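# what's the 3D shape of this:
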Amino acid sequence: MQPIKQDVFILGSGFSKDIADFPLLGELSKKVFDHIKSELKNSSDQLLNSYITNEIPSLIKENVEHFLTYLSQNYPWRNNRENHLFKAAYQLTSEAIEKIFVQYEKDNIGLLYKNGKFENIKKLITHWRNQNQQSLLSIMTH
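You can find the predicted model right below:
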């Protein structure tokens, strides 16, 4: 039996950047942390603010993917209180990402129609789907 030959198209983060001006990881990280700082500045939760500001290494806070991974781990040196604070920070970060992408979508959806990219994307996806059932992978890189 011959193996089935199939094309696979891989779309990286540059694809969404090009078609809708969505942020790449560096841009997203900066926007997320700016949003978090703003949220915490207006919050009464000084303990969470202190942990994010003082207890989490700066290098981890430069990359939102690393930050979320760090927050989601139950490291043995953390006590229950710290784990709850980190879960709260994870939730705050997730909400910030959602708000940022919703805003990007609102701000940029018109670009897709205005510059004709939306029609081109529809044609491309239809072509891929109709031509031998090709697979489409989307990969986030940093």
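
# can you pull out the helices in the chain?
Taking DSSP state H, the helices of the chain run over residues 13-20, 25-41, 46-50, 58-61, 64-72, 80-114, 117-130.

# let me have the ones you listed in TSV, adding mean pLDDT and mean neighbour count as columns.
C-beta: built from backbone N, CA, C; applies to glycine. Output for these, formatted as TSV (pLDDT from 0 to 100; neighbours: other Cβ atoms under 10 Å):
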stretch	mean pLDDT	mean neighbour count
helix 13-20	74	15
helix 25-41	88	16
helix 46-50	79	14
helix 58-61	81	12
helix 64-72	90	17
helix 80-114	84	14
helix 117-130	70	12
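
# for Leu48, see how far away Glu39 is.
Note on Glu39: its distance to Leu48, by Cβ to Cβ, to the nearest Å, is 10 Å.

# overlap of the contact sets of the two?
When contacts are counted by Cβ atoms under 8 Å, 6 or more residues apart in numbering, Glu39 and Leu48 have Leu92 as shared neighbours.

# middle-most residue in this protein, spatially?
With distances taken as Cα atoms, centre = their mean, Ile97 lies nearest the centre of the chain, 6.2 Å away.

# quick one: residues contacting the closest residue to that one other than its chain neighbours.
Leaving aside its sequence neighbours, Ile97 sits nearest to Val32 (Cβ to Cβ, 6 or more residues apart in numbering; 5.9 Å). Neighbour list for Val32: Val64, Phe67, Thr93, Ala96, Ile97, Ile100 [criterion: Cβ under 8 Å, 6+ apart].

# again with Gly14
Leu24.

# shift numbering so it begins at 317
Okay, using 317 as the starting number, the last item reads as Gly330.

# against Phe338, how distant is it?
Going from Gly330 to Phe338 by Cβ to Cβ gives 10 Å.

# what's the answer for Arg394, then?
Arg394 is 33 Å from Phe338, by Cβ to Cβ.
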